Structures are given as C-alpha cells and as structure tokens.
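Chemist: how would this look folded up:
(chains A and B)
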Amino acid sequence: GEDVEQSLFLSVREGDSSVINCTYTDSSSTYLYWYKQEPGAGLQLLTYIFSNMDMKQDQRLTVLLNKKDKHLSLRIADTQTGDSAIYFCADFSGGYQKVTFGTGTKLQVIP
Amino acid sequence: DVKVTQSSRYLVKRTGEKVFLECVQDMDHENMFWYRQDPGLGLRLIYFSYDVKMKEKGDIPEGYSVSREKKERFSLILESASTNQTSMYLCASSFRRGQGYTFGSGTRLTVV
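Modeler: The predicted model follows:
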C-alpha cells in the first residue's frame, strides 16, 4: 500500500530557515498537504499543493514538490518559537481515494 | 470557520467498558473520519463515512464501531475497552474527497 515517510525530529535556531522533508510512494497522489499540530491540539491544515505544481509560496511557507522523486518539502522562513510543533505531511491518492499521513516531524525552535 | 467539536478532551475508562466518543461538525461536510494518534506511528485511520448512514472500515477497525445517524455527527464506539486502546483520538471532516481536513482538538483516552 501507499506510504508517507518523514524524519522524526528537527531542531533549528530562531530566525533560521527550517526545511521539513517528506517522501511518498503513491504515484497517483493528486493533492499533498502539510498540517501543524501544536501540543495538546488537533491538526491544523497549513497549506497544500496540487500534484501538477512544483512550488507554492504562502508568506513564510514555501512548499516544493519533486514529483519524479516523490519528494515534498516545507520551508519555513525566519522560524519563530511559535513554530515549534509537529508537522505532518499527507497525500491524497486519486487511485485509492484516501489520505495517508506521515508519522510527523517534531520541530524544536531554540531561542 | 468550520468547527469540529469532540465532546471530551480527556477520558478515563475501565477495561471492558463500552466507550462513546462523539464528534460534531457545523459546516455541512459530507465526509467524516476517526483517527487514532500514537507516538512514532502517526495517524491511523479507524473508520470513515462519506454520507449519512454510510460507514467504511479504515486501516485499524478492530475493536471499534461507528455510527452516523445525522450528517453532522459521527460517533466512535469502543465495544469493550482494552488498555491497548489508550490513545489520542482525532475526528476530522471535509467537504469533498481530496479537500484538506478540519480536525477536532482530540480526545485523550486512557483505559485502566
């Protein structure tokens, strides 16, 4: 079946850029998403990208998609302590008609 | 803003009890989902529903059932709670398949 993988942990200094990476296996993915989960809360949709796009920018967030390598990344510019959270990558499979989530990357921002 | 409300933030239940987790959304979404979240395992889909009265098994349905009698409400039922069902349970909804989900705040269930 389909699989979405992320590294478990990333630590950056406040003010630096963060890059969170994700790989997926489903070649029929049509949408790819990034969600943010703050401690004790549910997931919040941050941004998404259609599979026919290479890049999407939204203020401090840049999403890059390499469809050939099935690699998705989320770049957060000027990372702040409020960005500390778990970030989940997810994809929607046009073939299976379902969303698969990665295991999440915990971002720690050091002041 | 779409709101997904889960009735309890924290629950403690005894082994063997029947447990109901309630989820209500207020934006007329067709699709509703139940996930459990465990450290290192990410989110795993338990059950989902694309319409009222309709339900489908997700990846880990064993030990769970669901009910969707009204469009806005999707209930998760643990028929006989066991300690391995201790987890964070997340409800989500979406308007269309493929559209991003709106999640509730989660219910942290502890089974003792």
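
Chemist: so which residue is dead centre in chain B?
Modeler: B:W34 (3.0 Å; C-alpha atoms, centre = their mean).

Chemist: next, the distance between the ends of stretch A:89-100.
Modeler: Start to finish, the residues bounding stretch A:89-100 are 9 Å apart (C-alpha to C-alpha, to the nearest Å).

Chemist: residues of it that come out buried?
Modeler: A:C89, A:A90, A:D91, A:F92, A:S93, A:K98, A:V99, A:T100 (16 or more other C-beta atoms under 10 Å in any protein chain shown). To be clear about C-beta, it is placed using only N, CA and C from the backbone, and glycine gets the same treatment.

Chemist: from those, which are also near chain B?
Modeler: A:F92, A:K98, A:V99 (C-beta under 8 Å from any C-beta of the partner chain).

Chemist: distance of B:A92 from A:K106?
Modeler: Applying C-beta to C-beta, to the nearest Å, the value for B:A92 to A:K106 is 21 Å.

Chemist: between these two, which has more neighbouring residues?
Modeler: B:A92 (27 against 17; other C-beta atoms under 10 Å in any protein chain shown).

Chemist: give the pairing partners of the host helix or strand of the more buried one; include direction for each.
Modeler: If you go by DSSP states H and E, B:A92 is part of strand B:87-94. According to DSSP bridges, strand B:87-94 forms sheet pairs with strand B:31-38 (antiparallel), strand B:102-103 (antiparallel), strand B:107-111 (antiparallel).
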